[in-house]
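K.L.:
got a predicted model here, sequence first, then my questions.
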Amino acid sequence: MPSYSQVCGQAYGQVYSQAEVNLHTHSWYCGHGKGDISDYVAAAKERGDLKVLGFSEHCPVPDNRWASTRMDYSLLPSYVDDVRRAHDSEASLRDALGNSLVSAGLRILLGAECDSLKSYFSYYRDELLGERGFDYLIGAVHFHHDEETGEDLYPNKIPNYTPFLGEYVENYTNMLESGLFLLGAHPDLFCYSTPWSPDLKAASKDIIQCALENDMPLEINGLGIRKGVVEVGGEKRTRYTIGEFWEMAVDAGVKICCNSDAHRPEDVHGWPLHDGYVNECFEFASKVGASFVSWKVEDKGIRPVVAV
């Protein structure tokens, strides 16, 4: 099935720089975000530099496994309708005012951030990309599932995530190899509370190598930076989006993108400072020597291209 943007006549073939694109955007639908879809559109248009805004709500699943921390499956049709309304409204504005105006309509894309568990891959493929015509999916690993207790153990709740690195890497590389996802979100999330070590370096190497082999972009994540600097194992650093991982990614030559991972409308562009907004991802990228992909809107949604 064609994507919704294809059905609605999204302009194809246009290339946008990473500075003009944010594909990792949440809302109240995820259960821990704030604001309506329309609030994020308004915030994105406020400064006029974003041209493409993709909504990637935490994906619900039919068994409502994560309903307490994710969207309930019953809300999926409403979410899809809200994003499509925003798409249609912005497309009408763009047609009426013309692309030359800075304030003309955004290109709105319909997406989801999906946890990488193979048991849901067919659902992601058949219902989200197929039946519902999502423009793209973001792949992510947020937790280790304990088969004995049935618990989902998150890196932010475990002081030392080292015992669970094997499963994290397996789930993350399964996602990168699946062909279902546009990019890999916050790949260094496993570093949240765990000091950098040879084990973390080995896990990073496996993820980066798999991304390289499958031509998959990895995401420098703005939310990890906005959480602020903390002390981990005697070292002051951010929880994730950490230098050691991304220096390895740059050296390997993997494709790199960035997103805000906004859970509030004001975070679409980055964090507010006294002199305006600073895009924390670009600031971080300059420190580790990273350059970003560009993005091309196509008849099947959007894809990364090497920036010229």
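P.N.:
On my side now, so go ahead. Numbering: from 1, shown residues only.

K.L.:
show the pLDDT at Glu280.
P.N.:
pLDDT, Glu280: 88.

K.L.:
do you know how far the residue nearest to it when sequence neighbours are not counted is from Val41?
P.N.:
Leaving aside its sequence neighbours, Glu280 sits nearest to Ile225 (CB to CB, 6 or more residues apart in numbering; 4.3 Å). Placement of C-beta: from N, CA and C, glycine included. Ile225 is 24 Å from Val41, where distance means CB to CB, to the nearest Å.

K.L.:
ok, the residue nearest to Glu280 - contacts?
P.N.:
Ile225 is in contact with 238, 241, 280-281, 284, counting by CB atoms under 8 Å, 6 or more residues apart in numbering.

K.L.:
show me which residues of stretch 25-42 are buried.
P.N.:
Neighbour counts over stretch 25-42 (16 or more other CB atoms under 10 Å) mark 25-31, 33-35, 37, 39-41 as buried.

K.L.:
span of that stretch from start to end?
P.N.:
13 Å (CA to CA, to the nearest Å).

K.L.:
looking at this, Thr69 is in a helix?
P.N.:
No - counting by DSSP: H, G, I helix; E, B strand; the rest coil, Thr69 falls outside a helix, being coil.

K.L.:
I figured it was touching Gly31, is that so?
P.N.:
Yes - using CB atoms under 8 Å, Thr69 makes contact with Gly31 at a distance of 6.0 Å.

K.L.:
got any residues that touch both of those two?
P.N.:
In contact with both Thr69 and Gly31: His58, using CB under 8 Å, 6+ apart.

K.L.:
measure the residue nearest to Glu280 to Ile242 for me?
P.N.:
Taking CB to CB, one finds Ile225 at 10 Å from Ile242.

K.L.:
quick revisit: tell me the SS of the residue nearest to Glu280?
P.N.:
Of the three states, Ile225 takes helix according to three-state DSSP.

K.L.:
tell me the contacts of Ile108?
P.N.:
Residues in contact with Ile108 (CB under 8 Å, 6+ apart) are 41, 53-55, 83, 86-87, 90-91.

K.L.:
from those residues, pick the one nearest Glu247.
P.N.:
Using CB to CB, Gly54 is the member of the contacts of Ile108 that sits closest to Glu247, with 27.5 Å.

K.L.:
what packs against the helix or strand harbouring the closest one?
P.N.:
Using DSSP states H and E, Gly54 maps to strand 52-58. If contacts are counted by 3 or more CB pairs under 8 Å, 6 or more residues apart in numbering; DSSP states H and E, strand 52-58 sits against strand 21-22, helix 37-47, helix 76-97, strand 107-115, strand 136-140.
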